[in-house]
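Q: here is a sequence with its predicted model. Questions after.
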Amino acid sequence: MIWALHGAVGMAEDWAPFPVQGIDLWQFLEDGECSLAEAGERIAALAQDGDTLIGYSMGGRLALHTLGHRCWKKVILVSAHPGLESGQAERLATDQEWAKKAEGDWDEFLREWNGQAILPPVRWGDREKLAARRKEIARSFRAWSLGRQQRFTDFPPSVSWVVGENDAKFRALAPAHATVIPGVGHRAPWENPEAFSKFIQSSAL
């Protein structure tokens, strides 16, 4: 089984174009905040040893926190961050502001979120559906902020990285052996679904 974790302001159905089982991450925040460590443990509990896990962006952050809770065949981190060396307080403050915006006017929040230079436009699930999950999304900005992420420096051989060629920030963060998908940015799988599907077929099965 190949499991997949969506990014911030994402949903399980984002993974519909690929041969994977998307996980609704908002379910872990329905009853209040839970830590990255707790969420990682709960995600691992859904799977079996020998399964593969894909984590995109925020989902990659959560995927890192499953390590040690499951013997994965592969953990594929897409446009992911290994953790901050400094500046945690500033990032927490930034994500607190995003949380407040998510709880406010949803359309305005979406315009501002998708207007970030790092996030190229793509075709995927309708974000209007997520208006009903705004409480969970706000909690994710607070509880799963990059400012709370453990910094990972040592990775088991099962962990591999994927990054878009045009995603300069995350290319710099990824290890030298990362797979680079040409001509795409931070939302690499959805910018070039064919290339990402081929990557899954060649490396995850």
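A: Everything's here; your move.

Q: who touches the one residue sitting closest to the centre of the chain in this structure?
A: Among the residues of the chain, the one closest to the centroid is residue 59, at 2.4 Å (Cα atoms, centre = their mean). The contact partners of residue 59, by Cβ atoms under 8 Å, 6 or more residues apart in numbering, come to 4, 5, 6, 7, 10, 25, 78. Where C-beta positions appear, they are placed from N, C-alpha and C, glycine not excepted.

Q: ok, now residue 53?
A: Applying Cβ under 8 Å, 6+ apart, we find residue 53 in contact with 2-5, 43, 47, 63, 66, 70, 72, 74-76.

Q: quick one on the thing from earlier: could you measure from the residue nearest to the centre of the chain over to residue 93?
A: 23 Å (Cβ to Cβ, to the nearest Å).

Q: distance of the residue of the chain most remote from its centre relative to residue 142?
A: The centre of the chain is farthest from one residue, residue 105, which by Cα atoms, centre = their mean lies 23.8 Å away. Distance of residue 105 to residue 142, given as Cβ to Cβ: 19 Å.

Q: list the contacts of the spatially closest residue to residue 134 that is not a sequence neighbour.
A: Residue nearest to residue 134 in three dimensions, not counting chain neighbours: residue 102, with 5.2 Å by Cβ to Cβ, 6 or more residues apart in numbering. Neighbouring residues of residue 102 by Cβ under 8 Å, 6+ apart: 9, 109, 134, 137, 138, 141.

Q: will you turn these into CSV that also has pLDDT?
A: What follows is the contacts of residue 102, written out as CSV (pLDDT from 0 to 100):
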residue, pLDDT
9, 96
109, 96
134, 96
137, 98
138, 98
141, 98
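
Q: possible to save those as TSV with secondary structure?
A: Shown next, in TSV, are these (DSSP: H, G, I helix; E, B strand; the rest coil):
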residue	secondary structure
9	coil
109	helix
134	helix
137	helix
138	helix
141	helix
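
Q: columns neighbour count and distance to residue 155 on top of the residues you listed, output as JSON lines?
A: Listed next are these as JSON lines, based on neighbours: other Cβ atoms under 10 Å; distance: Cβ to Cβ, whole Å:
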{"residue": "9", "neighbour count": "21", "distance to residue 155": "27"}
{"residue": "109", "neighbour count": "22", "distance to residue 155": "34"}
{"residue": "134", "neighbour count": "18", "distance to residue 155": "34"}
{"residue": "137", "neighbour count": "23", "distance to residue 155": "28"}
{"residue": "138", "neighbour count": "22", "distance to residue 155": "31"}
{"residue": "141", "neighbour count": "22", "distance to residue 155": "26"}
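
Q: thinking again about what came up before, and the two most separated of the contacts of residue 59?
A: 25 and 78 (14.6 Å; Cβ to Cβ).

Q: tell me which of these two has more neighbours.
A: residue 78 (30 against 26; other Cβ atoms under 10 Å).

Q: give me the number of residues near residue 101?
A: 18.

Q: which residue ranges of this structure form helices?
A: 36-46, 58-64, 88-102, 106-114, 134-143, 168-173, 188-191, 193-203 (DSSP state H).

Q: could you check how far the residue farthest from the centre of the chain is from residue 111?
A: 9 Å.
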